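**Q** Need a 3D model of the following:
(2 chains)
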There are 2 protein chains.
Amino acid sequence: MDKYLKNLLINAKTDSASIANASSLSKNEFLLHLEKQLMSNKTKIISENKKDLSLAKKNDLDPAFIDRLVINGKTLDSMCEGLRNIHSLNDPIGNIENINVRPNGLKIGKMRVPLGVILIIYESRPNVTIDVAALAVKSGNSVILRGGSEALHSNLFLGKLIQKALQLAKLPPNAVQIVNKTDRSLVADLITVKDYIDVIIPRGGKGLIKNISDNAKIPVIKHLDGNCHIYVDEFASINQAINIVENSKTQRYGTCNTLESLVVHKSIADQFLKKIASKFKKHKVEIRGCNETCKILTNITKATSEDFFEEYLAPIISIKIVHSLKAGIDFINKHSSKHTEAIITENYTHAQTFLKLIDSSSVMVNTSTRFADGFEYGLGAEVGISTDKFHARGPVGLEGLTSEKYIVYGEGQTRS
Amino acid sequence: MDKYLKNLLINAKTDSASIANASSLSKNEFLLHLEKQLMSNKTKIISENKKDLSLAKKNDLDPAFIDRLVINGKTLDSMCEGLRNIHSLNDPIGNIENINVRPNGLKIGKMRVPLGVILIIYESRPNVTIDVAALAVKSGNSVILRGGSEALHSNLFLGKLIQKALQLAKLPPNAVQIVNKTDRSLVADLITVKDYIDVIIPRGGKGLIKNISDNAKIPVIKHLDGNCHIYVDEFASINQAINIVENSKTQRYGTCNTLESLVVHKSIADQFLKKIASKFKKHKVEIRGCNETCKILTNITKATSEDFFEEYLAPIISIKIVHSLKAGIDFINKHSSKHTEAIITENYTHAQTFLKLIDSSSVMVNTSTRFADGFEYGLGAEVGISTDKFHARGPVGLEGLTSEKYIVYGEGQTRS
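**A** Presented below is the predicted three-dimensional model:
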């Protein structure tokens, strides 16, 4: 293995023991120092970021990419807000839950502990550097950050500020490390070293994530797709359905919790679809409908069977009409990517049935799928979203970066 | 893929949706029916088991192996006790935890759900067939059981009784399936089909488990070793230390929670080691000690550095003398397999420090390491023990076979 990498891994592992046992006080001090560092180095951060931006423009990278890469006053403010949020969260480490007394008098409970060393692999979004460093430190983990090469200047400078803040809070300096080499072969090595890394969180496009989860020898927290559904029940309030569907689809097109497929009960379809279609027309959202939808809405594209599996990330939506709640639930469980699904209904039993039977990481009643993220759920920030069921599911905040060990208080008991 | 296997996987997946939503009432009925089936088919179970036993004897399998394979009246009684225990546990599925109201009025909580389809790969211990089927069904999972080929007659007949009990409880018949082919290539296929199986739990020797976890493309819940330690602090009660160490080492030699390595503070070593050595002599336990130990106990073997990493599973113990609590903790964290470690002390701060700083799945004060199992911890039974930190850690019972999805109760909220 590359000597640089080996060194990085040993440092991460060594410092993971001391960050695991750091006090909440020092971890919170780190967050405040980091906020101060960001504020007092505003100009320098923006000028380092400009180096990345001019290279990106020179290389003709697309506007959405550049949009995610840019650091301006607003981005910095929101980084700082994230730090203050994480500062205000309870530190989960060391909490002891559910101590039960066994018949022989043993007291058995569970103590929350960090996972150990976390590897984050992400595309060129420098805000992730700050969010993830903050969440990792607060949850007592050591973290290795491998960001996109296009953000290297920004990330390395942010890394220096993080180091400074760790030092001021008297925390181990290698609790947060930025990988400063950008060769792809490093990533291939990093995702297989199971003696050094406890969990990998890839953030970025589907290709990146699929590649990492296919080849990693270490557990991965991830989601590939966000093919999110709303089911408009026969007992929906039409106005509420219009507002929520419009918001879920059009508030932002490129996010993983954006609505991609609409499922409508036939008895409300005629009335609802005409109204929502005029909203979509206003937003220039293309509709691709099933046969029955095409009978109600003329001038729309007919959906193929692939359409219903598609995460468009664009102003396009698929629509399917169903004849019962059960058919709606079955359709969604078959086509969804297990990210976020919502029902719009005033019927109590339908709401409860949907919550129970939909097999997704977030299931909602009467609200926008756009709320499915760590910040909106009160986790402070999120390190990622998981659509798997193992370990963490849904938006992952501090708790998703922890584990629990059993602790047993005895008084001399022996086993017979 | 083999047609038999494909069919098995499709059946498991299909029935996982209905077992996930079965009522606690039907799942508990299944457990009672299964107990009745075991009781009323005692003779037939034992005669099927005899077929396996006579083949095993013919093939000269070792006595410990045959001991684990045998089903007799006592084994059956303990299978039934396990079923009654699991019957008495609360069903975790559908429970909703920690509903918090967000500033915008959204109510956000987590609902406990099954993992989906579980694959258990185990050696020839037919009691595992019953324990695991019961835990899987109670936690709403579909399970595929692939037992050792030497127990095939026993397992297939137990499988029939499980099917009968599922049918009587009106539960889906393929919620529990026994793999009736024993070719090894089937296992190689099974551990990579991530679209069908959500988690693999291998139970058996280290070779089996290592092979599965190295090659699986699906999350694995496992432990490889149980190199368990007891640290006898300078403030230990000598009598308590003697009783607990004797029990932890000699109550059974072949289990993963058996004590393998003893760490003793130097100021108590002289007094304690002479007493424990005479106990070990009585039990014919061989002592392998560090240099300092060899100065106190003559006529013992000198431990090599490998000894301190060894899980003996035999009447052998390694002993290390340390000069401080911190040195003891560092020694244990370096050598342990993260299974179970205990401290014997009357000092409050030492007890708390040990609980905090030892990085193992179970950490104990003043009691025997032999208590580290699901039954003793009140989990009813265990499907395995995990020494990893991801998802489940320590003995794994019902909760380890579940996940949580976010549920969101809205009243028309949209995101701005």
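**Q** any idea what sits nearest the residue in the stretch 251-400 of chain A positioned nearest to chain B, other than its immediate chain neighbours?
**A** Residue nearest to chain B within the stretch 251-400 of chain A: residue A:367 (2.6 Å; C-beta to the nearest C-beta). To be clear about C-beta, it is placed using only N, CA and C from the backbone, and glycine gets the same treatment. Nearest non-adjacent residue to residue A:367, counting by C-beta to C-beta, 6 or more residues apart in numbering or on different chains: residue B:410, 2.6 Å away.
**Q** Please state the backbone phi and psi of that neighbour?
**A** phi -110, psi 170 (degrees, to the nearest 10).
**Q** which stretches of chain A have low pLDDT?
**A** Within chain A, no range satisfies pLDDT under 70.
**Q** Using the record's assignment, carve it into domains.
**A** Chain A breaks down by automatic domain parsing into domains covering A:3-221+A:391-409, A:228-371.
**Q** Quick one: name the residues of the stretch 1-150 of chain A near chain B.
**A** Within the stretch 1-150 of chain A, the positions near chain B by C-beta under 8 Å from any C-beta of the partner chain are A:17, A:20-21, A:94, A:100, A:102, A:106, A:108, A:111, A:113, A:115-116.
**Q** Just the ones of those in helices?
**A** Counted as lying in helices by DSSP state H, out of the residues of the stretch 1-150 of chain A next to chain B, are A:17, A:20.
**Q** and the residue of the stretch 201-350 of chain A found nearest chain B, which of the three is it?
**A** Using C-beta to the nearest C-beta, residue A:247 is the residue of the stretch 201-350 of chain A that sits closest to chain B, at 3.6 Å. The three-state assignment at residue A:247 reads helix, by DSSP: H, G, I helix; E, B strand; the rest coil.
**Q** Might you report the residue contacts of it?
**A** If you count contacts by C-beta atoms under 8 Å, 6 or more residues apart in numbering or on different chains, residue A:247 has them with A:368, A:370, B:414-415.
**Q** I'd like to know how far it sits from residue A:110.
**A** Here residue A:247 is placed at a distance of 40 Å from residue A:110 (C-beta to C-beta, to the nearest Å).
**Q** most neighbours, which of the contacts of residue A:247?
**A** Neighbour counts for those, by other C-beta atoms under 10 Å in any protein chain shown, peak at residue A:368, which reaches 30 neighbours.
**Q** Can you convert the domains of chain A into TSV and add a column each for distance to residue B:75?
**A** Shown next, in TSV, are the domains of chain A (distance: least, C-beta to C-beta, whole Å):
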stretch	distance to residue B:75
domain A:3-221+A:391-409	23
domain A:228-371	37
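**Q** Just the buried residues of the helix or strand harbouring residue A:30, please?
**A** In this assignment (DSSP states H and E), residue A:30 forms part of helix A:24-40. For helix A:24-40, the neighbour count (16 or more other C-beta atoms under 10 Å in any protein chain shown) marks A:27-31, A:33-38 as buried.
**Q** Next, the contact list for residue A:320, please.
**A** Taking C-beta under 8 Å, 6+ apart as the contact definition, residue A:320 lies against A:261-264, A:289-290, A:293, A:303, A:308, A:331.
**Q** could you redo the last one with a cut-off of 6 Å?
**A** Residue A:320 makes contact with A:263, A:290 under the criterion C-beta atoms under 6 Å, 6 or more residues apart in numbering or on different chains.
**Q** how far is the helix or strand harbouring it from where the chain is centred?
**A** Assessed by DSSP H and E, residue A:320 sits inside strand A:316-322. Remark: strand A:316-322 is offset 26 Å from the chain centroid, using C-alpha atoms, centre = their mean, to the nearest Å.
**Q** quick one: strands adjacent to that strand?
**A** Its sheet considered, strand A:316-322 pairs with strand A:259-265 (parallel), strand A:286-289 (parallel) by DSSP bridges.
**Q** Going by neighbour count, list what's buried in that strand.
**A** For strand A:316-322, burial by neighbour count (16+ other C-beta under 10 Å) applies to A:316-322.
**Q** same check, this time on stretch A:207-221
**A** A:208-209, A:211-213, A:216, A:218-221.
**Q** Mind exporting the C-alpha coordinates of that stretch to CSV?
**A** The C-alpha coordinates for stretch A:207-221 follow below in CSV (Å, rounded to 0.1, in the frame of the first residue of the first chain):
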residue,chain,number,x,y,z
GLY,A,207,-22.1,5.8,-10.5
LEU,A,208,-19.8,6.7,-7.7
ILE,A,209,-21.9,5.1,-5.1
LYS,A,210,-22.6,1.9,-7.0
ASN,A,211,-18.9,1.5,-7.7
ILE,A,212,-18.0,1.9,-4.1
SER,A,213,-20.7,-0.4,-2.7
ASP,A,214,-19.9,-3.1,-5.3
ASN,A,215,-16.2,-3.1,-4.4
ALA,A,216,-16.0,-2.2,-0.7
LYS,A,217,-15.0,-4.8,1.8
ILE,A,218,-16.3,-2.5,4.6
PRO,A,219,-19.9,-1.7,5.4
VAL,A,220,-21.4,1.1,3.3
ILE,A,221,-24.2,3.6,4.3
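**Q** Any part of that stretch near chain B?
**A** Yes - using C-beta under 6 Å from any C-beta of the partner chain, stretch A:207-221 reaches chain B at residue A:219.
**Q** Which residues does that stretch contact?
**A** Stretch A:207-221 has contacts (C-beta under 6 Å, 6+ apart) with A:191-192, A:194, A:197, A:199-202, A:222, A:224, A:384, A:386, A:392, A:396, B:390.
**Q** Buried ones among the residues you listed?
**A** For these, a burial check counting by 16+ other C-beta under 10 Å picks out A:191, A:197, A:199-202, A:222, A:224, A:384, A:386, A:392, A:396, B:390.
**Q** does any bit of stretch A:376-384 sit next to chain B?
**A** Yes - using C-beta under 6 Å from any C-beta, stretch A:376-384 reaches chain B at A:377-378.
**Q** Okay, helices next: where are they in the stretch 301-416 of chain A?
**A** Taking DSSP state H, counting those that start in this stretch, the helices of the stretch 301-416 of chain A run over residues A:325-335, A:348-357.
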